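Need coordinates for the following:
(chains A, B and C)
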Amino acid sequence: MPELPEVETIAAGLRQGRAGQPSLIDRRIRQVHLLWERSLAWPSPAEFYDWLPGQVIGDIRRRGKFIVFDLSQHTLLVHLRMSGDLLVEPITAPLAPHHRLVIDLDGDLRLAFNDARKFGRVWLTADPQSVLGSLGPEPLDEAFTAQDLHRMLHAHERQLKPLLLDQSFLAGLGNIYADEALHMARLHPLTISNSLSPEQSQRLWQSIRQVLEEGILRNGASIDWVYRGGDYQHFFKVYQRTGNPCYNCGTPIERLVVGQRSTHYCPNCQPLK
DNA sequence: CACGAGACCTGTTCGC
DNA sequence: TGCGAACAGGTCTCGT
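As a prediction, the model looks like this:
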């Protein structure tokens, strides 16, 4: 489900509070309920139950598609994968279906990890690098330049679409924003990475940052029943627009499968050389 | 190294 | 109406 803009929106909501929800910063963890064991990637459930109570939430951040909780002793990391979500609830609320982990906090609040498809994972570790260490650069980082991207693209001989989805190449892009960025950059999803000119790399760099920034501005995209809150879905140019006219040229948007993922593009605006 | 297929899961929508 | 297939915002592992 969530890509960088959705994860950013969720993390910011937990950090700053939103729409009546209070911030979780400085809250102390009271109790933990792990309702689906496989949602916990690390450590063992016994250690998880032992370590968490008493710790205080210092900061809540995003790295790639991970939500990172800096606790007083450890780091709690959450990856929402396809259908995960983090909800703040009154501690008295009835347990919703698909809650996989519930963390009771002071102030009669709880943080709930809800995940219908059970793909999401949680880590609790003193060494967050062991989880985040293989991630590529943050596309919105000031230090990430078009020249960096050009160099990275030329270090591989790969199709652009799967390369952009590779989190060790660049952290945060998913299926929606990869398709949207490629369309904005007028690059075919199957273009080989090391064939890009500096100008094309510059365009791709600009497009990636622009679609992500617009996504964040819109609080992410809400497509089906999973995620609610954002409205970037109303601004898709190609994603899930198969057969509909391209807004640039009127050519019907086409869909193909690349790396087992639906890929949407305009055959006229994004020709394959 | 690059790529495709299968696995992990549940829920919704589509096609007959 | 019913029912199976296709599909969904992700990532890992294995085989070629």
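
give the contact list for residue A:29.
A:52-57, A:71, A:103-105 (C-beta atoms under 8 Å, 6 or more residues apart in numbering). C-beta here means a position set from N, CA and C on the backbone, and glycine is covered the same way.

I'd like the distance from it to residue A:110, if you could.
10 Å (C-beta to C-beta, to the nearest Å).

Give me the common contacts of those two.
Joint contacts of residue A:29 and residue A:110 (C-beta under 8 Å, 6+ apart) are A:103-104.

if we can go back for a sec, ChimeraX command to pick out the buried ones of the contacts of residue A:29?
Burial among those is assessed by 16 or more other C-beta atoms under 10 Å; the matching ChimeraX selection reads:
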select /A:52,55,57,71,103,104,105
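
what sits up against stretch A:196-215?
Against stretch A:196-215 from outside (C-beta under 8 Å, 6+ apart): A:3-6, A:139-140, A:145-146, A:149-150, A:153-154, A:160, A:164, A:170, A:172-173, A:177, A:180-182, A:184-187, A:221, A:230, A:232, A:235.

near DNA strand B, anything from that stretch?
No: Stretch A:196-215 is not in contact with DNA strand B by C-beta under 7 Å from any atom of the strand; minimum separation 13.7 Å.

buried ones in that stretch?
Here stretch A:196-215 shows A:196, A:200-205, A:207-209, A:211-212, A:215 as buried, counting by 16+ other C-beta under 10 Å.

just checking, which of these belong to helices?
A:200-205, A:207-209, A:211-212, A:215 (DSSP state H).

possible to save these as TSV with pLDDT?
Shown next, in TSV, are those (pLDDT from 0 to 100):
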residue	pLDDT
A:200	98
A:201	98
A:202	98
A:203	98
A:204	98
A:205	98
A:207	98
A:208	98
A:209	98
A:211	98
A:212	98
A:215	97
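
Check the contacts of residue A:29 and tell me the two furthest apart.
A:71 and A:104 (14.5 Å; C-beta to C-beta).

what about the residue of chain A found nearest DNA strand C, neighbour count?
Per C-beta to the nearest atom of the strand, residue A:174 is where chain A lies closest to DNA strand C, at 2.0 Å. Residue A:174 has 20 neighbouring residues, counting by other C-beta atoms under 10 Å.

any idea how far residue A:262 is from residue A:231?
21 Å.

now do residue A:239
8 Å.

quick one: which of those two has more around it?
Just comparing residue A:239 and residue A:262: by other C-beta under 10 Å the higher neighbour count belongs to residue A:239, 24 against 13.

Around DNA strand C, which positions in the stretch 151-273 of chain A sit nearby?
A:165, A:167, A:174-176, A:220-227, A:230, A:233, A:240, A:260-262.
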